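Participant: only geometry, no sequence info:
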Ligand code: F6R
């Protein structure tokens, strides 16, 4: 998603801004730009493509500036649509969506103003310029009242000596250092040990000068709040000797799992006892990979505890008038804790009277602030756009919740802790998938097949494969294949079959026979050695056995690696897949 940086201090702003934008690259973007006040005059450089394209910005002088990476929503990716947008000496960078942009634009056009881009954001510069009567903060506050939708804004004024910021439903953090201040949409862009950070809340504004950061409410009244001192762990991550963050993050799965397992004691001490004793219904709301974690949790909780679990795509939950029981526990799963659809779904569940449990990897995210109960996974920063270790971390937390539900009901289920030593082993046993990459890179379509929990893993495998290889892939219920999709099976359609449940493995192998008979090469991921020798199987990954209901924690590992190896074989950058963003803060 879009990224914002801003700097005011004694140093030249442009290198600081370009460095900040590089640190936000992992979020995904398609154009970039910066604006610097050079002796009070606004200088702007904008380009389509990567931050490297902003080379001309190096020559900009001046110690105050704002920068932006744009992920196109309104208007094509182009230099023209890149931010900052400037109108009458006001430069604006914006994250989010201005929902009433068309109406506001019409008003501006009626005043005889002209627009230079197709974006919803440009109108913000017009509104601020229009509201300006000598004080930028007041102008931004007044303009913000006109806007509906979501926004994080950083604003400069020609001749000014400040940056003014605003936040509504889109993250923004200001930070104060020694004689300099920063603003960014994400901590890595501004983090340096010892800086004091101020996380803006919805409806808050900030004024940054070289000396200080000050926060204001929507009436312009000063807010007294102590900033938090940034720590080492929040600084920009290091790829080490790895070629890509994604590969490094797969190797970090064992630690992510270890840091995301919670004991019954933890649940007891953190206010979960009543909910876990009483909950009869569970709803899960999430998007993408987090949705697949929810499906895996459903498979485990229903299988082991017979507690009904419904899993909703958050974007559907918010608009399809779900029939919600007020006594259901609603679990909102989100790595970033900033996904707009998941936040809206959690809010709706609260309004329906449900207790909301937030499961997130980001302790200071918006989701944590709106939840009744909180589980923070310990995956550490995930830089690769494609979720990897955060998926297994979510499963560790959700399986821990399953074990805690059993504990509070005096039932017994296998301990998710048993999975921990098997994660590292599964990474090692998955090395064979590197050899599968040429076949998958040449595929016209790919199937990932399974039943039960294996099907949930298959869905995540296909999502990972699609997002970084740019090849079509489908996660499919093995038994459903012959009801239509088998028509696609031929020698150009490699099939990955998953089999971790003894009761279902032979049934899944029926689907393997069906696709093999149509010429499809078959790759098996299983814990059953006997299946690996079957003539239909071109190649296999044999993983350690575990409780079948918990097996996606292991079985997804070779699928993540397969997607990675195939993307690298195709010379795609797996860390920054095209069109995608790390944290989807617009709906
Ligand atoms: C896929 C991926 C996305 C996210 C989805 C939800 O690899 O990363 O599908 O899982 O955008 O994001 P969070 O978990 O931050 O809510």
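Facilitator: Structure's in. What do you need? Worth saying up front: this structure is predicted, and the values here are computed from it rather than measured.
Participant: can you list the residues of this protein near the ligand?
Facilitator: 287-290, 334-336, 339, 342, 386-387, 463, 467, 583-584 (CB under 6 Å from any ligand atom). For every residue, glycine as well, the C-beta is placed using N, CA and C.
Participant: now with 5 Å, please.
Facilitator: Proximity of the chain to the ligand, by CB under 5 Å from any ligand atom, involves residues 287, 288, 289, 290, 334, 335, 336, 339, 386, 387, 584.
Participant: let's see which of those residues end up in strands.
Facilitator: The strands, defined by DSSP state E, take in residue 334 from the residues of the chain next to the ligand.
Participant: for the residue of the stretch 201-350 of the chain found nearest the ligand, give me the pLDDT.
Facilitator: At 1.9 Å from the ligand, residue 288 is the closest residue in the stretch 201-350 of the chain, using CB to the nearest ligand atom. Looking at residue 288, its pLDDT is 97.
Participant: swap in residue 237?
Facilitator: Looking at residue 237, its pLDDT is 69.
Participant: quick revisit: next, count neighbours for the residue of the stretch 201-350 of the chain closest to the ligand.
Facilitator: Residues contacting residue 288 under the criterion other CB atoms under 10 Å number 22.
Participant: repeat that for residue 477.
Facilitator: Residue 477 has 18 nearby residues by other CB under 10 Å.
Participant: strand partners (parallel or antiparallel) of the worst-scoring helix or strand of the chain on mean pLDDT?
Facilitator: Ranked by mean pLDDT, DSSP states H and E, the weakest helix or strand in the chain is strand 228-229, scoring a mean of 80. Next to strand 228-229 in the sheet, as set by DSSP bridges, lie strand 196-199 (antiparallel).
Participant: report the buried residues of the partner strand.
Facilitator: 197, 198, 199 (16 or more other CB atoms under 10 Å).
Participant: ok, residue 4 to residue 79 distance?
Facilitator: Distance of residue 4 to residue 79, given as CB to CB, to the nearest Å: 18 Å.
Participant: which ones are touching residue 464?
Facilitator: 289, 386, 388, 556, 559, 560, 563 (CB atoms under 8 Å, 6 or more residues apart in numbering).
Participant: and it, what pLDDT?
Facilitator: For residue 464, the predicted pLDDT is 98.
Participant: top of the residues of the chain next to the ligand by neighbour count?
Facilitator: Going by other CB under 10 Å, residue 334 tops the residues of the chain next to the ligand with 33 neighbours.
Participant: now it. Nearest residue, chain neighbours left out?
Facilitator: residue 342 (4.5 Å; CB to CB, 6 or more residues apart in numbering).
Participant: burial measure for that neighbour, as a count.
Facilitator: By other CB under 10 Å, 31 other residues sit near residue 342.
Participant: quick check: it is in a helix.
Facilitator: Yes - under DSSP: H, G, I helix; E, B strand; the rest coil, residue 342 sits within a helix.
Participant: before we move on, back to that, now the contacts of residue 464 as a markdown table including distance to residue 575?
Facilitator: Formatted as a markdown table, the contacts of residue 464 follow (distance: CB to CB, whole Å):
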| residue | distance to residue 575 |
| --- | --- |
| 289 | 15 |
| 386 | 8 |
| 388 | 11 |
| 556 | 19 |
| 559 | 18 |
| 560 | 13 |
| 563 | 12 |
